[in-house]
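1. Sharing a model that was predicted from the sequence below.
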Amino acid sequence: MKRLNILIWHIHGSYLNALSRIEHDWWTPVKPGRPEGYGGRGAAYDLPPRLREVPAERVRNLDLDLIIYQTPKNLLEDGPDILSAEQLALPSIYLEHNVPRPHAVDTRHPAADRDLLLVHVTQFNRLMWDNGPAPTMTVEHSVAIDPNVNYDGALPAGITVVNSMQKRPRITGWDLFQQARECVPLQAVGMGTEEFGGLGDVPYRELHRTVARYRFLFSPIRYTSLPLAVIEAMTIGMPVVALATAELPTVIDDGRTGFLSCDAEELIDRMRWLLADEALAQRMGAAAKEAARERFGLDRFARNWNAAFERAIELRRAPRPLDRPLAMVGAR
């Protein structure tokens, strides 16, 4: 397909780090003070040069081909505020990163009745949201990590990568993290973790080298989209211990690439196995790396996203009746 000019707000830095590596021209708006969504390239990421900042007041002057919204604020406030009438009529995508809230199955998506393509990052999310008549696709995650970073696992401790987990305690499994930490050596990294002895917010370019030293990644999150930290760990060849909820049962092969359970005590026992048997952790990490390469590679990610761009453009050129079958792109 032709090279597109695409506008996207900076909402999830690690996702944007992967998405902007697809060969199009990417524009992200900035405002003084860098408020939410207008942080530009940011300082923590080594984003590719094809992602360029543009002052929000100059967005109207851009010759854009496609708009990507990622939050209700993007859709309802930011777009009308900085886009021209012509740009608002361009092919558009709403990229939904999250599971539905407050209700798991009865929450109507804010873009359900909009004239755009709704893209989910997991099949679980697509299933659980009430998408209404919106045409939908699933484009599974990928991550852009320095290929020279590889799992070491020599440090006999686990690590959890979650931002501000104590501020979202039930969802992020703050209680489960505390329970596990009482039984096994367990570190934490992410925003706010320094408040309880963790490593704090490590810049993305350094994060994976830090994580790679630990024996396993523990993901205690009860209800979320597929955590990028899990994919990042698998990509560098690290075994994952996690709750068997949401999309994770389709990602982790229990006993082969990591351990899954809804029983916290069982997961703690599996952590002890990994701490006691470094060779086991290395074998599981190698299997996890191969699984991540096949399912979450950047080449597959780019192909699926290009299909989504084509679909969004097709919808705007010749909108299909709302009762026609929905399109879907999967990883398998």
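-> Right, received. Where do you want to start?
2. Okay, and the beta partners of residue 66?
-> Residue 66 forms beta bridges with residue 6, as assigned by DSSP bridges.
3. how is this protein carved up into domains?
-> For the chain, automatic domain parsing gives the domain ranges 5-143+298-317, 155-295.
4. Would you tell me which of the ones you listed gets closest to residue 149?
-> Comparison of the domains of the chain against residue 149 by Cβ to Cβ identifies domain 155-295 as nearest, at 4.6 Å. For glycine as for every other residue, the C-beta is placed from the backbone atoms N, C-alpha and C.
5. Distance across that closest one, terminal residue to terminal residue?
-> Using Cα to Cα, to the nearest Å, one end of domain 155-295 lies 28 Å from the other.
6. Mean confidence (pLDDT) on it, please.
-> On average, the pLDDT along domain 155-295 is 97.
7. again with stretch 298-317
-> 96.
8. Turn the domains of the chain into JSON lines, including distance to residue 149 and mean neighbour count.
-> Shown next, in JSON lines, are these (distance: least, Cβ to Cβ, whole Å; neighbours: other Cβ atoms under 10 Å):
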{"stretch": "domain 5-143+298-317", "distance to residue 149": "11", "mean neighbour count": "18"}
{"stretch": "domain 155-295", "distance to residue 149": "5", "mean neighbour count": "19"}
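9. Residue 79 reaches residue 71, doesn't it?
-> No. Taking contacts as Cβ atoms under 8 Å, residue 79 lies outside contact range of residue 71: 10.6 Å.
10. the strands in the chain, which residues?
-> Using DSSP state E, the strands found in the chain span residues 5-8, 25-30, 51-55, 66-69, 92-96, 117-120, 136-138, 155-161, 186-189, 214-219, 240-243, 258-261.
11. Adding distance to residue 234 as columns, could you present those strands in CSV?
-> Shown next, in CSV, are the strands of the chain (distance: least, Cβ to Cβ, whole Å):
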stretch, distance to residue 234
strand 5-8, 26
strand 25-30, 26
strand 51-55, 25
strand 66-69, 26
strand 92-96, 22
strand 117-120, 20
strand 136-138, 19
strand 155-161, 13
strand 186-189, 17
strand 214-219, 9
strand 240-243, 6
strand 258-261, 8
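12. Quick check: which of these is nearest to residue 250?
-> strand 258-261 (10.4 Å).
13. How are the helices of the protein distributed by residue range?
-> Shown for the chain, the helices assigned by DSSP state H span residues 13-19, 72-73, 79-82, 85-88, 123-128, 169-172, 174-181, 204-211, 228-236, 264-276, 278-296, 298-317.
14. out of those helices, nearest to residue 28?
-> Smallest distance to residue 28 across the helices of the chain (Cβ to Cβ): 7.6 Å, for helix 13-19.
15. Run through who's touching that closest one.
-> 8, 10, 26, 28, 39, 42, 44-47, 51, 97, 141-144, 204, 228, 232, 298, 301, 305 (Cβ atoms under 8 Å, 6 or more residues apart in numbering).
16. cutoff 7 Å now
-> For helix 13-19, the external contacting residues (Cβ atoms under 7 Å, 6 or more residues apart in numbering) are 8, 10, 42, 44-45, 47, 97, 142-144, 204, 228, 298, 301, 305.
17. so residue 234 makes contact with residue 242?
-> No. Judged on Cβ atoms under 7 Å, residue 234 makes no contact with residue 242 at a distance of 10.7 Å.
18. Which residue of this structure lies farthest from its centroid?
-> Seen from the C-alpha centroid of the chain, the residue lying at the greatest distance (Cα atoms, centre = their mean) is residue 276, 31.4 Å away.
19. measure it to residue 238 for me?
-> Using Cβ to Cβ, to the nearest Å, one obtains 17 Å as the distance from residue 276 to residue 238.
20. what do you get for residue 13?
-> 21 Å.
21. now swap in residue 167 and tell me
-> From residue 167 to residue 238 the distance is 26 Å (Cβ to Cβ).
22. residues in contact with the residue positioned nearest the centre of the chain?
-> Nearest to the geometric centre of the chain sits residue 228, at 4.7 Å (Cα atoms, centre = their mean). Applying Cβ under 7 Å, 6+ apart to residue 228 gives the contacts 14, 15, 141, 143.
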